[in-house]
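Q: Fold the following for me, if possible:
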Amino acid sequence: MSWTDERVELLKKLWMEGLSASQIAAELGSVTRNAVIGKVHR
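A: As a prediction, the model looks like this:
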């Protein structure tokens, strides 16, 4: 899985909506909770 611009934008949107890292990982698919956390903090 790579972080395409579209996936990063979706990540930002879901994070701003208050979803947890686990919920975002499930929504994006093929990405771990830790990958979500790492990307959010970059």
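Q: Going by C-alpha atoms from here, please, whenever you check contacts or count neighbours.
A: Will do.
Q: What lies in contact with stretch 19-39?
A: 1, 7, 11, 14-15 (CA atoms under 8 Å, 6 or more residues apart in numbering).
Q: Could you tell me the end-to-end distance of stretch 16-32?
A: 18 Å (CA to CA, to the nearest Å).
Q: circling back to that earlier point, can I get the contacts of stretch 19-39 in a markdown table including neighbour count?
A: Listed next are these as a markdown table, based on neighbours: other CA atoms under 10 Å:
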| residue | neighbour count |
| --- | --- |
| 1 | 6 |
| 7 | 12 |
| 11 | 22 |
| 14 | 17 |
| 15 | 17 |
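Q: Narrow these to those in helices?
A: 7, 11, 14-15 (DSSP state H).
Q: Max pairwise distance over those residues: which two?
A: Largest separation among the ones in helices among the contacts of stretch 19-39 by CA to CA: 7 and 15, giving 12.0 Å.
Q: For burial, what's the neighbour tally of residue 9?
A: Neighbours of residue 9 under the rule other CA atoms under 10 Å: 12.
Q: residue contacts, it?
A: With CA under 8 Å, 6+ apart, residue 9 has no contacts at all.
Q: From residue 39, how far out is it?
A: Following CA to CA, the distance that separates residue 9 from residue 39 is 11 Å.
Q: before we move on, what about residue 26?
A: Distance of residue 26 to residue 39, given as CA to CA: 15 Å.
Q: just residue 33 next, same as before
A: Spatial separation of residue 33 from residue 39 under the definition CA to CA is 10 Å.
Q: Just the strands from this protein, written as ranges.
A: Taking DSSP state E, the chain contains no strands at all.
Q: which sections of it are below the confidence cut-off?
A: Of all residues in the chain, none has pLDDT under 70.
Q: rerun at 80
A: 1 (pLDDT under 80).
Q: Next, please give the residue ranges for the helices of it.
A: So, for the chain - with DSSP H - the helices run 5-16, 21-28, 33-40.
Q: Give me the angle between the last one and helix 5-16.
A: Orientation note: helix 33-40 sits at an angle of 90 degrees relative to helix 5-16 (axes from the mean of the first three to the mean of the last three CA atoms, to 10 degrees).
Q: How many residues are close by residue 36?
A: Neighbours of residue 36 using other CA under 10 Å come to 20.
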